[in-house]
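K.L.:
task: produce atomic coordinates for the following.
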Amino acid sequence: MNICTMPSDHMVPGKVKIDQWRKLVTTGCEINFLYKTNKDMVMVRDKDKTENIVQGWFEGTNCRDECLKKHGIQRTASQPGGVSVVTTKHCTTHIAEQGGDARGLGRWRWVVVRGKQQCKTMVSGTYRAGNGWITEQNQLEAIRATEEKARNLWEPSQLWYDHLNALVKQNKRKDAKSL
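P.N.:
Reported below is the predicted structural model:
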């Protein structure tokens, strides 16, 4: 769900997105991805953290958040983009592994759950900013501050696909080795 800023103070009944999200997650959906949370959860007040917002909605929650970590720039609570994953109930007990955007660009969160006969399934929630969006510009700025420097900077969408493809391939290789 595109939450378009993780709220807290205005999380009162009648706020359409929160009401929709709560209804969705409390009626049987055990893996929930939130997009465009627009928060750096490390920097926000405790009551604004995802795990505290959903507290009491259901049993057995596991919340993980991903945002752009500004390289060399002072971080603030307000942060364009971001992805959160909330697992609930039985799914939480079956988590084998989880992670996020290893480059610190806040583009995805993923979780691997173990099912019957030890079968593993990777589920990923991704956020790809459109061309010219502030989120994309911030991601490009962060990439310029890394060893990747100017590689593919004119094609950020392709870089996004390349990195996500590498993540999926890496998890497939890990799973194949464990057989």
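K.L.:
helix or strand next in line after the worst-scoring helix or strand of the chain on mean pLDDT, which one?
P.N.:
Using mean pLDDT, DSSP states H and E, the weakest-scoring helix or strand in the chain turns out to be helix 134-144, at a mean of 69. In the C-terminal direction, the helix or strand that comes right after helix 134-144 (DSSP states H and E) is helix 156-177.
K.L.:
for this structure, which segments count as helices?
P.N.:
With DSSP state H as the criterion, the chain has helices at 16-25, 50-53, 89-93, 134-144, 156-177.
K.L.:
hey, least reliable of those helices by pLDDT?
P.N.:
The weakest mean pLDDT among the helices of the chain belongs to helix 134-144, with a mean of 69.
K.L.:
quickly list what the spatially most central residue of the chain is bridged to.
P.N.:
Centroid check for the chain by C-alpha atoms, centre = their mean gives V83 as the closest residue, at 2.7 Å. Beta bridges link V83 to Y35, E66 when assigned by DSSP bridges.
K.L.:
and the pLDDT for it?
P.N.:
On pLDDT, V83 comes in at 89.
K.L.:
make TSV out of the helices of the chain and add distance to R75 and mean neighbour count.
P.N.:
(Glycine included, C-beta is placed from N, CA and C.) As requested, the helices of the chain are exported to TSV (distance: least, C-beta to C-beta, whole Å; neighbours: other C-beta atoms under 10 Å):
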stretch	distance to R75	mean neighbour count
helix 16-25	25	14
helix 50-53	17	18
helix 89-93	28	15
helix 134-144	11	18
helix 156-177	21	14
